[in-house]
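A.B. asks: okay, sequence plus prediction incoming.
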Amino acid sequence: KRSAILLVAQISLLVIKARSFASVNVAKPRPMVNIYGRLRVYSSRMRGTKELVRPADPKSLLEAGQLQEKAGKLIEWWTGKKSVLCITGAGLSTESGIPDYRGHQGSYHKGHKPMIHQQFMDSEYQRRRYWGRSLAGWKTFDSTEPNAGHLALAALEKMGRIGVTLEDQAAFYELADAFEFGFSSGQRQLAIVTQNVDSLHQKAGSKEIMQLHGAGNLVRCMNCGAKQHRNDYHSTLLSVNQEWLNEALEGYEESSDLRPDGDAKIKEDNYGDVDIPNCQHCNEGFFKPDVVFFGDSVPKSRVRLFEETVKAADGLLVVGTSLAVHSAYRHVRAASSLGIPIAIVNVGETRAEAEGVKNILKIEAPAGDTLSLCVEAFQNESKSTNASLAQ
């Protein structure tokens, strides 16, 4: 009986989804995300006019004794916790060669202004500019490999040191994926909520992940909703823009010109010549990376899953993020109000510290080295326990 009810519900949801895709208006403004910022950027998503402060170089914090001490404090914080949820940000991926926004070498310090959702939706020129720059930057962005921090978090998940189990809900699924709830075991697991769109957690072997701001390796038609792997779309883009790209790449420096959005700074300004193929499914819509650009809204299903997982957690581990973006910061603040202990591993002050959020242990240290030491300590502890049990 329950299966029959669920089947009817899923069919109804899919009908609603189909109707919603049919009525998409690509020029219609969407609600703006309310976030905190330390830099003036042309977007209402970035608030505040404080000067952007450059954090310390993580390499300057690598003295072995100090690092061991900080890792020890984090290990002590972990004591007794069984359901720790981890939140990660762009600072975790810098060791893989992907720049962050506000870190020591962050792109904001170089004058980078991120793509704004409404600019992309309203302006054909902005779309040509974005995809033209992506032709230069995406291959490098997509070929990056996970670093010690990603690998450590994957190991911590496998050990059970991070991960929360909670009751599954239909509200955790987007309408297009609503049928999956009919096959749910009744429980949902989540170990990592990442603000990153680089999919490096998946490459590292992490399993229970939610990409809060979407997946950079997918594109989505803004007319019919069809999705396509970004590499396939880039192959099509390249086939019709090879001559333009050859000219644009003159003087391009791969290491210094990559941007956190997957595009790159290039000298070419004539983006009007970039040819953007329409969606092959509907022959009308244009593709957009399946990510939440600045000024866009995080899907409600992800917000709900995030909220409920925080409530079910007994600890919140925040890694490599300044928490400037409200879509993540709101949940850290909620955890604090619930009395849930919070540990932050980040180089530089975070919004949580600046606003006096309570229940926080701050570890001012590079994420990869610190988390690797934690993994090593937990592995040694496990070996010692097993040896004792074997005697």
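C.D. replies: Thanks, I have the structure now.

A.B. asks: mind listing the strands for the stretch 151-300 of the chain?
C.D. replies: 164-167, 187-190, 192-194, 209-211, 214-221, 227-229, 287-291 (DSSP state E, counting those that start in this stretch).

A.B. asks: wait, residue 142 touches residue 230, no?
C.D. replies: Yes: using C-beta atoms under 8 Å, residue 142 makes contact with residue 230 at a distance of 7.5 Å. (Each C-beta comes from the backbone N, C-alpha and C, glycine too.)

A.B. asks: what touches both of the two?
C.D. replies: Overlap between the neighbourhoods of residue 142 and residue 230 consists of residue 217, taking contacts as C-beta atoms under 8 Å, 6 or more residues apart in numbering.

A.B. asks: more neighbours: these two, which one.
C.D. replies: Here residue 142 and residue 230 are compared on neighbour count by other C-beta atoms under 10 Å; more neighbours surround residue 230, at 22 against 15.

A.B. asks: quick check, pLDDT for that one.
C.D. replies: Turning to residue 230, the model gives it a pLDDT of 95.

A.B. asks: ok, now which ones touch it?
C.D. replies: Counting by C-beta under 8 Å, 6+ apart, residue 230 has contacts 138, 142, 216, 217, 218, 219, 289.

A.B. asks: export stretch 229-249 as CSV, just CAs?
C.D. replies: Once non-C-alpha atoms are left out, stretch 229-249 reads as follows in CSV (Å, rounded to 0.1, in the frame of the first residue of the first chain):
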residue,chain,number,x,y,z
HIS,A,229,28.0,16.7,-19.0
ARG,A,230,30.0,19.8,-19.3
ASN,A,231,32.9,18.1,-21.1
ASP,A,232,30.5,17.1,-23.9
TYR,A,233,29.2,20.6,-24.2
HIS,A,234,32.7,22.0,-24.2
SER,A,235,33.6,19.7,-27.1
THR,A,236,30.7,21.2,-29.0
LEU,A,237,31.8,24.7,-28.0
LEU,A,238,35.4,24.0,-29.1
SER,A,239,34.3,22.7,-32.5
VAL,A,240,32.7,26.0,-33.4
ASN,A,241,35.2,28.3,-31.6
GLN,A,242,38.6,26.9,-32.3
GLU,A,243,39.9,29.8,-34.4
TRP,A,244,38.7,32.3,-31.8
LEU,A,245,40.3,30.3,-29.0
ASN,A,246,43.6,30.1,-30.7
GLU,A,247,43.8,33.9,-30.8
ALA,A,248,42.5,34.3,-27.3
LEU,A,249,45.1,32.0,-25.8
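
A.B. asks: and it, how far out from the chain middle?
C.D. replies: Here stretch 229-249 shows a centroid-to-chain-centroid distance of 25 Å under the convention C-alpha atoms, centre = their mean, to the nearest Å.

A.B. asks: now do the buried residues in the helix or strand containing residue 139.
C.D. replies: Residue 139 belongs to helix 124-142 when assigned by DSSP states H and E. Going by neighbour count (16 or more other C-beta atoms under 10 Å), the buried part of helix 124-142 is 126-138, 140-141.

A.B. asks: again with stretch 325-345
C.D. replies: Of the residues in stretch 325-345, those scored as buried under the neighbour-count criterion (16+ other C-beta under 10 Å) are 325-333, 335-336, 340-345.

A.B. asks: so which of the residues you listed belong to strands?
C.D. replies: Among the buried residues of stretch 325-345, the members falling in strands are 342, 343, 344, 345 (criterion: DSSP state E).

A.B. asks: can you pull out the helices in the stretch 201-350 of the chain?
C.D. replies: According to DSSP state H, counting those that start in this stretch, the stretch 201-350 of the chain carries its helices in the segments 230-248, 254-257, 300-312, 326-337.

A.B. asks: would you turn these into JSON lines with distance to residue 376?
C.D. replies: Putting the helices of the stretch 201-350 of the chain into JSON lines (distance: least, C-beta to C-beta, whole Å) gives the following:
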{"stretch": "helix 230-248", "distance to residue 376": "36"}
{"stretch": "helix 254-257", "distance to residue 376": "31"}
{"stretch": "helix 300-312", "distance to residue 376": "27"}
{"stretch": "helix 326-337", "distance to residue 376": "27"}
